[in-house]
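> Sequence isn't available, so here's the structure alone:
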Ligand SMILES: Nc1ncnc2c1ncn2[C@@H]1O[C@H](COP(=O)(O)OP(=O)(O)OP(=O)(O)O)[C@@H](O)[C@H]1O
Ligand SMILES: Nc1ncnc2c1ncn2[C@@H]1O[C@H](COP(=O)(O)OP(=O)(O)OP(=O)(O)O)[C@@H](O)[C@H]1O
Ligand SMILES: [Mg+2]
Ligand SMILES: [Mg+2]
């Protein structure tokens, strides 16, 4: 049943990506580049740094709110995929027990600092990746890739993948249901049956590809697919790009958090 | 086994990206040279098939838990190395975007770890070598299990090395290996067995599919393959080197800026000599300063590390909470603005 | 036999993406009744049937089959009682040989091999496909596949038969055979279809669904010949009744 | 306009596995005619249509479209004239956005971008789907997919329209819309379907195929109302005409 859910989620993100907001209208190339640079900046922080990462939440929060994306959907996804990072990160407190900080007299080991640093980086990078697709339609991303000189064959088969993803997932879902209807508990889910189901699905997929190829031929296909070019850089795109990258740069190189904290600290005293 | 952005350093992530992207470009070029047009829809549909196939699960004998197929080797067997690599890369792109498996930076590493080994080692060097003359079910089974297992072992090893090189985890190398390799051996055996079953079974139902594709695949084994492997290795080393060089030659923005604000040098671990050398090498860059040091240096650093200014860290805590509050307010502000605009 | 009663009380279902597909469905089907479900594309028929069999679990409301309320815990048991024929036979036939496919369910029920063999032969006999026993399903014609799909379900001796669009893609003759087969099945039947003529032929009772709600529930003869009702729900008179009204007599 | 004539002379086709699917088919369709192809599952309808468009090449016999005999060399050219709507719209709509999908053919015809745009808009307008222009095909309903699939073919301005089972899986309302659309298309049409009512509505002429051979060729009204002929070929009267014969008048 969990795979059912993944399937639905896929469709859900796809629905979100077809919205029309300020962020959705930004050129996909810009969004890809800015998001990538964002991630580079985030992972470049030292492993004990936590507080200076906080301002970086600005970027995903901006995509989320300006893109009109429900917070819950993104939060759920981030939680679902967190185990691996948790698994690796949790060893840090075990192996690195040097006390580094004692805020308010509580000793905090380097391991815990780096653990939380991993978790925060994880939340920042993963939410940005999901938000990128939630505010950019997949065909948009593909066109951006093509315009960024990624080989065309690759982009085009990626478009085909996306197109038939939903069709085949639906087909597989129906097969799984048919099997469930006639198997009880784990009976009927042996590897032997599994191999048969998958093989049948594979054969059908290949046959479908043959039919698609025919459909392409009958519409004059001769080895060349032209991707329509609809992307145009607009003034706002440039502003968005330079603005965000400058902001990342400042946040990375000037410890704004510490500045604010120190100022507040001084004021409090 | 997906790598995550949070566990990678920019240098390692960037190097893996360069390697993967280079291979994608290379494969695309190879395919363009001699490709059957049929392959384009087939690649896309088979990519979608991998996803769909992952919805169908089976009970893993003796454990009671359920598993599904990864599919890298199956793609390599059906499509040959070049097309298979592109399809695996596409599948991972969709996983990174829609399922947030890994992330954008780690995508390069993931494509490498899950794509290179089945497409360029498991299939051409192991599977084809064993099956070439005689495609009996026994041979297919043996070849599939061996190639999948080797591919996954290499993949898991790469995950370990990439993570260690990035220096984010404190996990000792040996422990990490013990955690990763055996479990992937088990996965590999099961996946190999399933892959073999599928190949054999499809051959009995539609022998033409597997054999037909044999003609569509374009692989000239031997010299050209070796070239690919060497080229990829060189590419990876060079990009890694370039990144490091780039990292080491730029002036240090962070220190400069902090000195300017507080009037005092920030980085106390300077005292340690080993660190100092490493710092020179790694820390100074205007764009991406201070990224994590490799673990080896780290261990030596520990004694001198706690010298972080407690006042600064308290400010950090207060500042962090403050900033987070501001970010949330910023979000709420935009939301309100949106609502307002919609009403108008 | 009260234990074949199907009862739905105010059932709601939303897909995880938020689509509200069922918005408060209540009805009760007693033993031996045959019920047709009709409605336009996207009305919620398939969703309803998937809920009946526990493939989807209602977000609100209750379903009980016999005296057993449907839940994650009981759905395995309920699936033994409810035989589900899916919309496309290709999805249902996943084993390499017809015989194995029909045997799949009975084996999972834990029957002995002789019993399984008996069930398989009986079921194939019933749909007139015993001669196809050793054929691979992908070599069968659409109509044959459909019949075998029904046999796979019959072999499990369900108390209740649930079918989603059983008539699509069949040629006229195969469709007629299907209708006769269904008429011969004496237990409870629930059938979703766009083929209003088939519903009229096979089901005494008919439920019209629109936008996840029931808009009419009554005798098929009455509902399916009520032109204004049909019109309101984007349906049409069954073709076999159209001629009389729409065109000059022949 | 003689160049829209479709002519088959004693066409045979065997699949590579040896199945003889067509066993000597000959007919001639003149400009503007609409022809229905009917026959049971496996009769050879799909195979015949695939031959018409050069996807399969006859093992014996000749096909010519206009004055051009069909061969490997000429099939590219012939495909420009023959618009083929496949059985499943999902196989036909392979681009990520409706607009791009409809534009695919015209672009390959080498038209300028303005011309392409004009064609796309016209074709979508014609099937009433202009508002779906920027939607991805996987988000459309079956009926909408079907209409867009027809638009992709219309955008190439074919002289001849060939369709394989265009009505399957549509609800009654969508089916009616399709029928009206087809009636509006004034060029040559060849339509294979099990929906004899639709054939009766849309095609003046009808060809009955059985086991790869033509068993009857004539006016639809005549053939499809000839009960003995239909019976012999495992077909049935169109549903809209059955009631009069089979049941008491209403
Ligand atoms: N997997 C899904 N995720 C989200 N929404 C869905 C899903 N499947 C169906 N829906 C939506 O639920 C509603 C009911 O769909 P359902 O498939 O039950 O209709 P139906 O009556 O069976 O239609 P049809 O006659 O086309 O088979 C529709 O609005 C549909 O878009
Ligand atoms: N790829 C194939 N290889 C071998 N035989 C085939 C293949 N496709 C079809 N056939 C056989 O050719 C014959 C004609 O099939 P065809 O698909 O043309 O029938 P049809 O009239 O379109 O039937 P339907 O109404 O079910 O679509 C059948 O006997 C079928 O089994
Ligand atoms: Mg349905
Ligand atoms: Mg056909």
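That came in fine, so what should we check first? Since the structure is predicted, the reported quantities are computational estimates derived from the model, not experimental observations. Ligands and ions are numbered 1, 2, ... in the order given.
> The nearest residue to residue B:88 once chain neighbours are set aside: what secondary structure?
Counting by Cβ to Cβ, 6 or more residues apart in numbering or on different chains, residue B:88 lies nearest to residue B:115, which is 4.1 Å off, once chain neighbours are set aside. In short, each C-beta sits where N, CA and C put it, glycine included. Under DSSP: H, G, I helix; E, B strand; the rest coil, the three-state class of residue B:115 is helix.
> before we move on, what about residue C:163?
strand.
> Briefly note if whichever strand or helix holds residue C:218 comes near chain D.
Assigned by DSSP states H and E, residue C:218 belongs to strand C:213-219. No. Using Cβ under 8 Å from any Cβ of the partner chain, strand C:213-219 stays clear of chain D, with a minimum separation of 15.1 Å.
> What's the mean pLDDT across that strand?
The average pLDDT within strand C:213-219 is 94.
> wait, does it make contact with ligand 1?
No. Strand C:213-219 stays clear of ligand 1 (Cβ under 6 Å from any ligand atom), getting no nearer than 11.7 Å.
> Run the chain-centre distance for the first helix or strand past that strand going along the chain.
Remark: after strand C:213-219, the chain's next helix or strand is helix C:220-223, criterion DSSP H and E. Centroid displacement of helix C:220-223 relative to its chain, using Cα atoms, centre = their mean, to the nearest Å, is 19 Å.
> now for helix C:220-223, which elements pack on it?
Counting contacts by 3 or more Cβ pairs under 8 Å, 6 or more residues apart in numbering or on different chains; DSSP states H and E, helix C:220-223 packs against helix C:196-202, strand C:205-210.
> Least reliable of those by average pLDDT, please.
Looking at the helices and strands packed on helix C:220-223, the bottom one is helix C:196-202 with a mean of 91.
> Can you read off the pLDDT for whichever residue of the stretch 101-250 of chain A sits closest to chain D?
Using Cβ to the nearest Cβ, residue A:220 is the residue of the stretch 101-250 of chain A that sits closest to chain D, at 3.2 Å. Here, the pLDDT recorded for residue A:220 equals 76.
> Quick check: residue C:30 touching residue C:5?
Yes. Using Cβ atoms under 8 Å, residue C:30 is in contact with residue C:5, at 5.6 Å.
> How are the helices of the chain distributed by residue range?
Going with chain A. With DSSP state H as the criterion, chain A has helices at A:2-17, A:22-25, A:28-43, A:58-66, A:71-80, A:83-89, A:91-95, A:110-134, A:138-147, A:152-182, A:191-217, A:235-253, A:256-268.
> you looked at the wrong chain, it should be chain B
Going by DSSP H, chain B shows helices at B:10-33, B:39-53, B:72-79, B:81-98, B:104-111, B:128-131, B:137-166, B:173-205, B:207-216, B:223-249, B:253-262, B:273-282, B:295-301, B:310-343.
> can I get those helices in CSV with mean pLDDT and mean neighbour count?
CSV is the format used below for the helices of chain B (pLDDT from 0 to 100; neighbours: other Cβ atoms under 10 Å in any protein chain shown):
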stretch, mean pLDDT, mean neighbour count
helix B:10-33, 90, 21
helix B:39-53, 91, 28
helix B:72-79, 91, 29
helix B:81-98, 92, 26
helix B:104-111, 92, 28
helix B:128-131, 86, 17
helix B:137-166, 90, 21
helix B:173-205, 86, 18
helix B:207-216, 61, 14
helix B:223-249, 53, 14
helix B:253-262, 32, 16
helix B:273-282, 44, 16
helix B:295-301, 37, 17
helix B:310-343, 75, 16
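> right, and the ones you listed - which one's nearest ligand 1?
With Cβ to the nearest ligand atom as the measure, helix B:39-53 is the member of those nearest ligand 1 (13.9 Å).
> for that closest one, packing partners?
Checking 3+ Cβ pairs under 8 Å, 6+ apart, helix B:39-53 ends up next to helix A:152-182, helix A:191-217, helix B:72-79, helix B:81-98.
> Which one, of the ones you listed, ends up nearest to residue B:4?
helix B:81-98 (10.3 Å; Cβ to Cβ).
> Residue D:82 is in contact with the residue of the stretch 101-250 of chain A closest to chain D, correct?
No. Counting by Cβ under 8 Å, residue A:220 sits too far from residue D:82 to count as a contact (11.5 Å).
> quick one, which of these two is more surrounded?
Counted by other Cβ atoms under 10 Å in any protein chain shown, residue A:220 and residue D:82 do not tie: residue D:82 has more neighbours, with 26 against 17.
> give me phi/psi at the more buried one?
The phi/psi pair for residue D:82 (degrees, to the nearest 10) reads phi -100, psi 120.
> cool, and residue B:103?
phi 140, psi 180.
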